[in-house]
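Undergrad: Below is the sequence, then the predicted model.
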Amino acid sequence: MTERIVVIGADAAGMSAAAQAKRIAGDGVEIVAFERGAHTSYAACGIPYWVAGDIDKWERLIARSPEAHRRNGIDLRMRTQVEEIDLDAGRLAVHDLAGGRSYREGFDSLVIATGAVPVRPPLPGADASGVFGVQTLDDGAALLADLGRVQPRQAVVVGGGYIGVEMAEALVRHGVAVTVVDQAAQPMTTLDPDMGAAIHRAMEEMGIDVHTGTAVTGFETGSDGRIRSVLTAHGSIPADVVVLGLGVRPNTGLAHDAGLPLGDHAGLRTNQQMQVLGHDRVWAGGDCVEVLNLVSGQYQHVPLGTHANKQGRVIGHNLAGSYATFPGVVGTAISKVCHLEIARTGLRERDAERAGFAYVTVTVRSGTKAAYFPGTQQMRVKMTAERRSGRLLGVQIVGHQGSAKRIDTAATALWNRMTVEDMTSLDLGYAPPFSPVWDPILVAARKAAAAVRQAGADRQQQPAAG
Ligand SMILES: Cc1cc2nc3c(=O)[nH]c(=O)nc-3n(C[C@H](O)[C@H](O)[C@H](O)COP(=O)(O)OP(=O)(O)OC[C@H]3O[C@@H](n4cnc5c(N)ncnc54)[C@H](O)[C@@H]3O)c2cc1C
């Protein structure tokens, strides 16, 4: 009998799963996918660059259209919302938003790929005209249309995470004076505060006003209902347009109502094959799941497209009777604001402490190319290693063009549980246009290895406890 697979959510995780299962099993599986929105398989990651003008039209952000999925044999039902999951009966209640019709659909296996919901502050005026999220292509289109129509002079971005700083750049590129407001002490709290401070300084040098330690308390509108200013604990900031970049939380209400267990971060927990724990016929991937951090050993919510695509592929393999696993993450992420590149992998200092590691940490400044090569720029690398073993625990990079993707060397070392001493011998590529003869990662590893040796020597000199 043909296995009937039903997918909820037709973006990165859901359609990677569907496409992979179909690729392997062909007519051996029947796949129905429900998507409440108007697009499938699109790159939300590209929205800031589309708004900035790097990408000329939204169609370029679509990896695969509904028609392309249907040509591959997937029964894709757009503008259709799943409203209830009945696990015992193996059935969903769905609502066709365009046709206004409700019906039920049975499944043998279910894939939950419902993504995340953006955090919107429960504050007066947060829904005012001129206040935008940037979660979907429709959000991006609405913002771009508004920028064209209103020609704003002053913008406020609420939230200094990676989406906030990418949107700050996008608005700068429209010639708008930008203020970023964040209640944290520094922007980019996914890095340590000292690295965040470097980003803060660089953003100010670019002309972006950054208000840290500042909680937004409301949004003031004019008599026309349009945003006029953002109210904060430290006063009001004039704004013709506001972009919200306050992060996301797992979209798991539907799964929770069905009785599926959620983790500490409200995401679904799965095994390595991406089966929801305790439910062999239910699979989940993407922004609606929690992932195991392989360095800290703790579960986290890491809503990134890179994980959603990989997890979807793993689900597709397993649904089709093949075998694949998603072991976890090491916490790698990169971003940029104007010419400044930002990257991180592994644990921040506070993560290392929470996980119970004693550690050493070093920071080095280096060039992106050989010192004598035209165009070489500064970059800063912070490296953290376990104090006793020297095992690499984390790396953060802030620097100019050519800095960020160096994080992949560190991520690979982290994945393979290398020590910083081992890393000093890595055979990394060198030619003057690409790197100094000692790559910045090698320089940081050498300094970290020295710090580990010093910590060992200090330990030996301590009198034994009697
Ligand atoms: C502005 C922006 C920039 C980003 N940049 C990066 C980046 O540079 N690198 C990176 O790795 N990641 C980035 N991301 C994150 C990345 O886009 C997400 O991690 C990825 O899209 C998650 O895929 P997903 O399939 O889990 O969820 P989603 O893409 O959210 O898809 C879930 C789908 O499920 C549908 N759905 C939900 N509930 C139902 C229901 N009940 N019935 C029917 N359909 C439903 C939704 O309409 C949605 O289409 C960015 C995100 C944003 C918003």
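TA: Looks like it arrived, so ask away. Here the structure is a predicted model, which means the values were calculated and not measured.
Undergrad: Near the ligand, which residues of this protein? Just list them.
TA: Remark: the part of the chain in contact with the ligand comprises 8-14, 34-37, 44-45, 47-48, 81-82, 113-116, 134-135, 163, 251, 254, 286-287, 303-306, 308, using Cβ under 6 Å from any ligand atom. Where you see a C-beta, it was placed from the backbone N, CA and C, and this is true even at glycine.
Undergrad: Keep only those of those residues that are in helices.
TA: Residues of the residues of the chain next to the ligand located in helices (DSSP state H): 12-14, 47-48, 163, 254, 305-306, 308.
Undergrad: how about CSV for these, with pLDDT and neighbour count added?
TA: As requested, those are arranged in CSV below (pLDDT from 0 to 100; neighbours: other Cβ atoms under 10 Å):
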residue, pLDDT, neighbour count
A12, 97, 29
A13, 98, 34
G14, 98, 29
I47, 97, 26
P48, 97, 28
I163, 96, 25
L254, 98, 19
G305, 97, 16
T306, 98, 14
A308, 98, 27
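Undergrad: okay, among the residues you listed, which ones form the most distant pair?
TA: The largest separation in those, counting by Cβ to Cβ, is between P48 and L254 at 28.5 Å.
Undergrad: Residue of the stretch 251-400 of the chain closest to the ligand, please.
TA: G286 (2.0 Å; Cβ to the nearest ligand atom).
Undergrad: ok, for that residue, nearest residue in space, not its chain neighbours?
TA: Beyond its immediate neighbours in the sequence, the residue positioned closest to G286 (Cβ to Cβ, 6 or more residues apart in numbering) is A13, lying 2.9 Å away.
Undergrad: my guess is that neighbour contacts A113, does it?
TA: Yes. A13 sits in contact with A113 when judged by Cβ atoms under 8 Å, with a separation of 3.9 Å.
Undergrad: which residues do those two both contact?
TA: Shared between the contact lists of A13 and A113 (criterion: Cβ atoms under 8 Å, 6 or more residues apart in numbering) are residues 285-286, 288, 308, 312.
Undergrad: Which one of these sits in the busiest neighbourhood?
TA: Top of the shared contacts of A13 and A113 by neighbour number is G286, holding 33 neighbours under the definition other Cβ atoms under 10 Å.
Undergrad: returning to that earlier point: redo the ones in helices among the residues of the chain next to the ligand as JSON lines? Include distance to Q20.
TA: As requested, those are arranged in JSON lines below (distance: Cβ to Cβ, whole Å):
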{"residue": "A12", "distance to Q20": "12"}
{"residue": "A13", "distance to Q20": "11"}
{"residue": "G14", "distance to Q20": "11"}
{"residue": "I47", "distance to Q20": "25"}
{"residue": "P48", "distance to Q20": "28"}
{"residue": "I163", "distance to Q20": "28"}
{"residue": "L254", "distance to Q20": "23"}
{"residue": "G305", "distance to Q20": "16"}
{"residue": "T306", "distance to Q20": "16"}
{"residue": "A308", "distance to Q20": "13"}
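Undergrad: sorry, back to before: ok, the residue of the stretch 251-400 of the chain closest to the ligand touching A308?
TA: Yes. The pair G286 and A308 qualifies as a contact (Cβ under 8 Å) at a distance of 3.6 Å.
Undergrad: which stretches of the stretch 201-350 of the chain form strands?
TA: For the stretch 201-350 of the chain, the strands defined by DSSP state E, counting those that start in this stretch occupy 209-211, 216-221, 227-232, 235-238, 241-244, 248-250, 282-284, 291-292, 299-300, 333-337, 340-346.
Undergrad: tell me the mean pLDDT over the helix ranked longest in the chain?
TA: What stands out as the longest helix in the chain, according to DSSP H, is helix 440-461. Averaged across helix 440-461, the pLDDT comes to 96.
Undergrad: got a list of contacts for that helix?
TA: Around helix 440-461, the neighbours that count as contacts under Cβ under 8 Å, 6+ apart are 360-364, 366-368, 379, 381-388, 390, 392, 395, 397, 403, 406, 409-410, 419-421, 423-424, 426, 428, 436, 438.
Undergrad: which parts of that helix are buried?
TA: 440-449, 451-452, 455 (16 or more other Cβ atoms under 10 Å).
Undergrad: now, among those, which is nearest to the ligand?
TA: Once Cβ to the nearest ligand atom is applied, the member of the buried residues of helix 440-461 that ends up nearest the ligand is I441, at 21.4 Å.
Undergrad: what's around the residue in the stretch 51-200 of the chain positioned nearest to the ligand, how many residues?
TA: Here the stretch 51-200 of the chain gets closest to the ligand at one residue, G115, 2.2 Å apart by Cβ to the nearest ligand atom. Summarising burial for G115: neighbours were counted as other Cβ under 10 Å, giving 24.
Undergrad: Now do the contacts for it.
TA: Under the criterion of Cβ under 8 Å, 6+ apart, the neighbours of G115 are 9, 11, 13, 251, 286-288, 308.
Undergrad: distance of the residue sitting nearest the centre point of the chain from Q378?
TA: The structure's the chain has its C-alpha centroid closest to L304; by Cα atoms, centre = their mean the separation is 3.3 Å. For L304, the distance to Q378 (Cβ to Cβ, to the nearest Å) stands at 27 Å.
Undergrad: returning to that earlier point: check the gap between the residue nearest to G286 and A38 for me.
TA: Note on A13: its distance to A38, by Cβ to Cβ, is 18 Å.
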